[in-house]
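# below are the sequence and a predicted model for it; my questions follow.
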Amino acid sequence: MNFLTLYTALETKAAVASAALWVFLDLMLGGIDAPIKALCVLMIVDFASGVGAAWKKHKLNSTIGANGLWKKVAIFFAIGFACLIDMAMGMKMLRGMVISGFAIIEALSILENVDRIGWGKYLPVFISSKIKDIAEKNIDTDDDDDAYVKHRKKKGGK
């Protein structure tokens, strides 16, 4: 069997592009190991639970979903940056800390989405109360940001 006739040109190009992307991600992220895979699973579950919570509240919005996906892309860039710093300093510590930090944020977001879906009654009380405290702090922070934006618009700034 001839290799050249085994796959079409499109299949060959797709395979080469996929391999190149995989190698790039492998090098950029310092390897596709268990922490990266776990973070990817958390990101997928977070995104799915966020869509479910938005659907339940009748607040599905493609702009918000796209912003969420761009934040997830930014997480991978932050991991890549941490990996570069680790390589430059000759240590293997910062990458793991960054991955762990983002994994904690994703896990908290999943718990918040579970509460927004209406399944919060299945969470322990101490977790539910902390999620509500965090949500209230975010609302206070958002109000401060809005006040700053309003103040800048009054002054004629952007």
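Thanks, I have the structure now.

# every contact and neighbour count from this point should use C-alpha atoms.
Noted.

# how many other residues sit next to the nearest residue to R116 once chain neighbours are set aside?
Among residues not flanking R116 along the chain, A53 sits closest, at 5.6 Å (CA to CA, 6 or more residues apart in numbering). The local packing of A53 (other CA atoms under 10 Å) involves 20 other residues.

# could I get the pLDDT score of F3?
Predicted confidence (pLDDT) for F3: 64.

# show me the contacts for the residue nearest to R116.
Residues near A53 by CA atoms under 8 Å, 6 or more residues apart in numbering: N113, V114, R116, I117.

# you'd agree the first one is up against G50?
Yes - applying CA atoms under 8 Å, one finds N113 in contact with G50, separated by 5.6 Å.

# find the residue ranges of the chain scoring beneath the pLDDT cut-off.
1-4, 138-158 (pLDDT under 70).

# go again using 90 as the cut-off
1-9, 12, 25, 27, 32, 92, 112, 115-116, 118-158 (pLDDT under 90).
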